[in-house]
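Asker: return atomic coordinates for the entry below.
(2 chains)
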Amino acid sequence: MTNFVNSLGIILFATLVYATPLLYGALGSCFSEVSGVVNIGIEGMMTAGAFTGTVVAYFTGNPWIGFICGGLAGAFFGMLHAIATVKLGADQTIAGTAINMLGPGIVIMLAKVLFNSTDTIPLTASQKIPKLFAGLFDTTTVFGRFMDNVFANYASTYLVFVAVVIVWFVFYKTRFGLRLRACGEHPQACETLGIDVIKMRFLCVCISGFLAGLGGACVTMTISTQFRPISIVGQGFIAIAAVIFGKFRPHGALLGCLLFGFCSGLKVVLGGSSGINMHLVSMIPYVVTVLALILFVGKSRVPAASGKPYIKAK
Amino acid sequence: MKKTLALVLALCMIFSLAACGQKAAPAAAKTKIGMVTDVGGVNDNSFNQGAWEGLQALAAEDSAFEVKYLESKTDADYQTNINTFIDEGYDLIITVGYMLADATRDAAEANPDQKFAIVDDSTNADLPNVACLMFAQEQCSYLVGLVAGYMTESKTVGYVQGMVSDTMNLFGVGYISGVLAACPDATVLQYNANNFGDIAGGNTAAKDMITKGADVIYHAAGGTGIGVLNACEEAGIWGIGVDGDQAASLGLDKVVCSARKSVDVAAQDMSKAVKEGRFTPGVHTYDLTNGGVGIYTTGDHIPADVLEKVEAAQKEIASGAKTVPTTPAECPQFTLG
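Answerer: From the prediction side, this is the model:
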């Protein structure tokens, strides 16, 4: 029983650790996709946020300023994506791929200029995003340890769940959200009703970048203390997969991210204590994701106008 | 008018080329050392960085050396980078990491007069122009294992490895042997992350071990280990770093010590050997006898009596009075291999 509770605590802990950055990225992806712009550049925007967050936190000493600036750096790359795709009508997939190359490239160049290294200088404990409820639970008892593992978590983790609720509310309960979704379904109809599709999409892609940037920053400012080129390795793409998994809905993406996190936790718990081949165990999160996509999710409905540049005159 | 302009421009180019040629004219004959990194790049906080820092220090203290590195972004760059140094007439080419073993072999066979040194690979030991720089990582791991064994109060320690291979297993075998030598009834929780870049995975694995009672955790897992050491820091238990001085490089207060692997010393050694004309091919082992491995104790967290015992063991191993196991067969408690 003790073992079970301990392992469950660890799996839930891992679920949150893995899911937090993915969720920020996924919410970002939702904003862009639902407004009708394919954003494959989430990975590059996360990298930008990861770097900027640590650097700003290091120089200002304030993790929250760093965290927000991480988001702004993501938004900057989102803006580049928006200029290319929304204003100039470039191919959205190619522009996104360019962002994925540009982000890490610029970041590593800046790191070399600032620190003469590809890594940033490690943050001190007070420069990291704080943990909530740390030390609140009595870790000498099994129950206390469980509670500590699950609930003594970074503020950024709690924040992302609040963000899911906010995004859901904005999408489905506000006029802005209705317009946003309409832009992704039938931009011409929107335009005839007096909605500025270009402005709308531009804004959404920027918000997308902002959220992705926050996702990147919360990797390097929580479980790591510095930015390294390996800080963001594929999280952006898994976030996009989670969005497709969740049928382009924020609450669906939440499930996708949690499922992936849960399986990653399972991987660690199984890999540490059993004789199962580690290569097989490492496959669990990916195999489960693929199976879930095939068996349970059914056809994901892409917003009708997603990927198509909107040209006013047409 | 256009023609004149073209002529002027062409002349400018010819003269500037000539100027370049003059600048490059030989001054005093320098010993040129070229280093090719693996895909980790020159700032990997590990062997690439170690080797380059060693070469930089060497060039700074002795102007007879000229050092340069070329970074490999992909596997395809290894051959190209090596060839660049060959074309520029470098005296010694240091290739860093076992990933360059094949590229080094091809280049060394094609250019029998060119001297090579490769870090962490012994498969090229049969070639007459390649020196293989090997590190007794089981020895430094044994020393940090002793520290863990003496300092654990719960008699439970942890170990996270980045990959299962003969070279990587040396870390685990040495560490566990050390732990058990210091604390025979200790439990060693072990985890193979199967990944050198999964910070969240390392963090979770360490958290799992801490939940199971571990109070000292060692990692030999590159970037995955960053997550391990951060989990230790937050839980207030001891973490043990690897390769470099991670207490300093990561700025953590709960890194009790780090296993040292001095690639810098090896790179300097080889460079000096080439300059002095005493380059020898084959396997060169860097261990406790020649200071190639050891232990960083930055932060002075280790109690004096423990440090004394570790230093005594260090002397015994260096003198040959004690040998550290190198294969999983000699250390049945090592379960990852």
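Asker: can you show me the helices along the chain?
Answerer: Answering for chain A, as no chain was given. Ranges of helices in chain A, per DSSP state H, are A:2-34, A:42-60, A:63-82, A:92-115, A:142-151, A:155-173, A:175-185, A:187-192, A:197-220, A:235-245, A:250-273, A:278-292.
Asker: wrong one, chain B
Answerer: B:2-23, B:47-61, B:77-87, B:101-110, B:137-151, B:166-182, B:199-211, B:224-235, B:246-249, B:263-275, B:304-319.
Asker: next, format these as a markdown table and append mean pLDDT.
Answerer: Formatted as a markdown table, the helices of chain B follow (pLDDT from 0 to 100):
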| stretch | mean pLDDT |
| --- | --- |
| helix B:2-23 | 52 |
| helix B:47-61 | 91 |
| helix B:77-87 | 94 |
| helix B:101-110 | 94 |
| helix B:137-151 | 96 |
| helix B:166-182 | 94 |
| helix B:199-211 | 92 |
| helix B:224-235 | 93 |
| helix B:246-249 | 88 |
| helix B:263-275 | 93 |
| helix B:304-319 | 95 |
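Asker: closest one to chain A among the ones you listed?
Answerer: helix B:199-211 (4.1 Å; CB to the nearest CB). In short, each C-beta sits where N, CA and C put it, glycine included.
Asker: ok, that closest one near chain A or not?
Answerer: Yes - with CB under 8 Å from any CB of the partner chain as the criterion, chain A is reached by helix B:199-211 at B:199-201, B:203-205, B:207-209, B:211.
Asker: residue numbers of chain B in contact with chain A?
Answerer: Counting by CB under 8 Å from any CB, the residues of chain B that sit close to chain A are B:41, B:43, B:45, B:164, B:189-197, B:199-201, B:203-205, B:207-209, B:211-212, B:223, B:226-227, B:230-231, B:233-234, B:249-252.
Asker: can you do 7 Å?
Answerer: B:41, B:43, B:45, B:189, B:191-192, B:194, B:197, B:199-201, B:203-205, B:207-208, B:211-212, B:223, B:226-227, B:230, B:250-251 (CB under 7 Å from any CB of the partner chain).
Asker: so what's the residue count around the closest residue to B:Phe47 other than its chain neighbours?
Answerer: Closest residue in space to B:Phe47, ignoring its immediate chain neighbours: B:Val263 at 4.5 Å, by CB to CB, 6 or more residues apart in numbering or on different chains. By other CB atoms under 10 Å in any protein chain shown, the residues close to B:Val263 number 27.
Asker: retrieve the pLDDT associated with the residue nearest to A:Gly246 when sequence neighbours are not counted.
Answerer: Distances taken as CB to CB, 6+ apart place A:Gly252 nearest to A:Gly246, at 2.4 Å, with adjacent residues excluded. The model reports A:Gly252 with a pLDDT of 93.
Asker: wait, A:Gly252 sits on A:Ala242?
Answerer: No - look at A:Gly252 against A:Ala242 with CB atoms under 7 Å: they stay out of range, at 8.3 Å.
Asker: those two: who's more crowded?
Answerer: Per other CB under 10 Å, whichever of A:Gly252 and A:Ala242 has more neighbours is A:Ala242, with 28 against 19.
Asker: how about the contacts made by the more buried one?
Answerer: Each residue near A:Ala242 by CB atoms under 7 Å, 6 or more residues apart in numbering or on different chains is listed here: A:22, A:26, A:253, A:256-257, A:260.
Asker: nearest to chain B among these?
Answerer: A:Leu22 (10.0 Å).
Asker: OK, contacts around the closest one?
Answerer: A:235, A:238-239, A:242, A:257, A:260.
Asker: quick one: distance of stretch B:274-285 to the chain centre.
Answerer: Centroid separation for stretch B:274-285 versus its chain: 19 Å, with CA atoms, centre = their mean, to the nearest Å.
Asker: ends of it, how far apart?
Answerer: Terminal residues of stretch B:274-285 lie 17 Å apart, using CA to CA, to the nearest Å.
Asker: ok, and for it, which residues are buried?
Answerer: B:274-275, B:279, B:281, B:284 (16 or more other CB atoms under 10 Å in any protein chain shown).
Asker: repeat that for stretch B:140-159.
Answerer: Buried, per 16+ other CB under 10 Å, within stretch B:140-159: B:140-152, B:156-159.
Asker: run the chain-centre distance for it.
Answerer: 22 Å.
Asker: could you do stretch B:64-73 as well?
Answerer: Distance, stretch centre to chain centre, for stretch B:64-73: 17 Å (CA atoms, centre = their mean).
Asker: cool, stretch A:191-209 as well?
Answerer: 21 Å.
Asker: number of residues surrounding B:Pro128?
Answerer: With other CB under 10 Å as criterion, B:Pro128 counts 10.
Asker: repeat for B:Cys331
Answerer: 22.
Asker: per-residue confidence for it?
Answerer: 91.
Asker: ok, it to chain A distance?
Answerer: Distance of B:Cys331 to chain A, computed by CB to the nearest CB, to the nearest Å: 17 Å.
Asker: tell me if I'm right that that residue and B:Val173 touch.
Answerer: Yes - B:Cys331 sits in contact with B:Val173 when judged by CB under 7 Å, with a separation of 4.6 Å.
Asker: what residues do these two have in common as contacts?
Answerer: B:Pro325.
Asker: if we can go back for a sec, now list the buried members of the residues of chain B next to chain A.
Answerer: Here, 16+ other CB under 10 Å leaves B:41, B:43, B:45, B:189, B:191-192, B:194, B:197, B:199-201, B:203-205, B:207-208, B:211-212, B:223, B:226-227, B:230, B:250-251 buried among the residues of chain B next to chain A.
Asker: for the closest residue to B:Asn290 other than its chain neighbours, what are its contacts?
Answerer: Leaving aside its chain neighbours, B:Asn290 sits nearest to B:Val265 (7.9 Å; criterion: CB to CB, 6+ apart). By CB under 7 Å, 6+ apart, the residues touching B:Val265 are B:54, B:286, B:291-292.
Asker: among the residues you listed, which two are most distant?
Answerer: B:Gly54 and B:Gly291 (12.7 Å; CB to CB).
Asker: looking at those two, which has the bigger crowd around it?
Answerer: B:Gly54 (23 against 12).
Asker: contact partners for that one?
Answerer: Applying CB under 7 Å, 6+ apart, the residues contacting B:Gly54 are B:263-265, B:267-268.
Asker: and if we set it to 10 Å?
Answerer: Residues in contact with B:Gly54 (CB atoms under 10 Å, 6 or more residues apart in numbering or on different chains) are B:35, B:67, B:94, B:262-271.
Asker: can you tell me the closest non-neighbouring residue to it?
Answerer: Nearest to B:Gly54 is B:Asp264, by CB to CB, 6+ apart, at 2.8 Å.
Asker: with B:His301 instead?
Answerer: With CB to CB, 6+ apart, the residue lying closest to B:His301 is B:Val256, at 4.6 Å.
Asker: how close does that neighbour get to A:Gly41?
Answerer: The gap separating B:Val256 from A:Gly41 is 42 Å, by CB to CB, to the nearest Å.
Asker: between the two, which one's more packed in?
Answerer: Each of B:Val256 and A:Gly41 has its neighbours counted (other CB under 10 Å); A:Gly41 has more, 37 against 24.
Asker: wait, the more buried one sits on A:Gly209?
Answerer: Yes - here A:Gly41 reaches A:Gly209: they are 8.0 Å apart, a contact under CB atoms under 10 Å.
Asker: overlap of the contact sets of the two?
Answerer: The contact lists of A:Gly41 and A:Gly209 share A:28, A:32, A:48, A:74, A:77-78, A:80-81, A:99, where a contact means CB under 10 Å, 6+ apart.
Asker: quick one: residues contacting A:Gly44.
Answerer: Per CB under 10 Å, 6+ apart, neighbours of A:Gly44: A:74, A:77-78, A:80-81, A:96-107, A:209, A:212, A:216, A:232, A:236.
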